[in-house]
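> quick one, what's the 3D model for this:
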Amino acid sequence: MGPLDAYLPYLLNRAGARIAAAFGDEVRPLGATLQMWRVLAALGERDGRRMGDLSETTSIEVSTLTRLVDGMERKGLVARRRDEADARAVALHVTPAGRRLTQRLIPIAERYETVALQGFDAREAEMLKVFLQRLFTNMDALKSPHRRRG
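Sure thing, here's the model as predicted:
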């Protein structure tokens, strides 16, 4: 075992990259990508999100997200509309076609979680998720110390 095998950022990246590549290969025939799935999943959780919120939720940089959403809009998966709470802001809504694609992607995403968590019992799986959320919060605080969240 080399030093890389014990280095947390390397281990996280390697695991994430393996999941992302396999998931991407599997959803490509459906006309989807991992990033499209993230957007659809976030909108499935709460429709009508603004781009800034969507960027933070999906961890997709705003300029990349804008291009991605442009493409998804051309495919008829999402629609931009004025935010009901603030007419100056634009909110993103999933369309019926986007909902249909989301329903096809959910079982694939669930299977990837099941495969990734093989050999973990329910408590270990829950702890792993809590630890990863905490790790993300730590790194988020490093990125913007003036914007700490509880």
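
> give the closest residue to Gly48 in space, chain neighbours not counted.
The shortest distance from Gly48 to any residue that is not its chain neighbour, by Cβ to Cβ, 6 or more residues apart in numbering, is 4.4 Å, and that residue is Ala91. (Each C-beta comes from the backbone N, C-alpha and C, glycine too.)

> quick one: that neighbour from Asp83, how far?
As defined by Cβ to Cβ, to the nearest Å, Ala91 lies at a distance of 4 Å from Asp83.

> neighbour count winner among those two?
Remark: of Ala91 and Asp83, Ala91 carries more neighbours, 20 against 15, as counted by other Cβ atoms under 10 Å.

> you'd agree that one is up against Arg81?
Yes - because the distance of 5.7 Å satisfies Cβ atoms under 8 Å, Ala91 is recorded as touching Arg81.

> shared neighbours, those two?
When contacts are counted by Cβ atoms under 8 Å, 6 or more residues apart in numbering, Ala91 and Arg81 have Gly48 as shared neighbours.

> check which helices and strands the host helix or strand of Leu101 sits against.
Counting by DSSP states H and E, the secondary-structure element that holds Leu101 is helix 96-116. Using 3 or more Cβ pairs under 8 Å, 6 or more residues apart in numbering; DSSP states H and E as the contact criterion, the secondary-structure elements in contact with helix 96-116 are helix 8-27, helix 34-45.

> mind putting those into CSV with mean pLDDT, distance to Phe120 and mean neighbour count?
Listed next are the helices and strands packed on helix 96-116 as CSV, based on pLDDT from 0 to 100; distance: least, Cβ to Cβ, whole Å; neighbours: other Cβ atoms under 10 Å:
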stretch, mean pLDDT, distance to Phe120, mean neighbour count
helix 8-27, 95, 13, 13
helix 34-45, 97, 22, 20
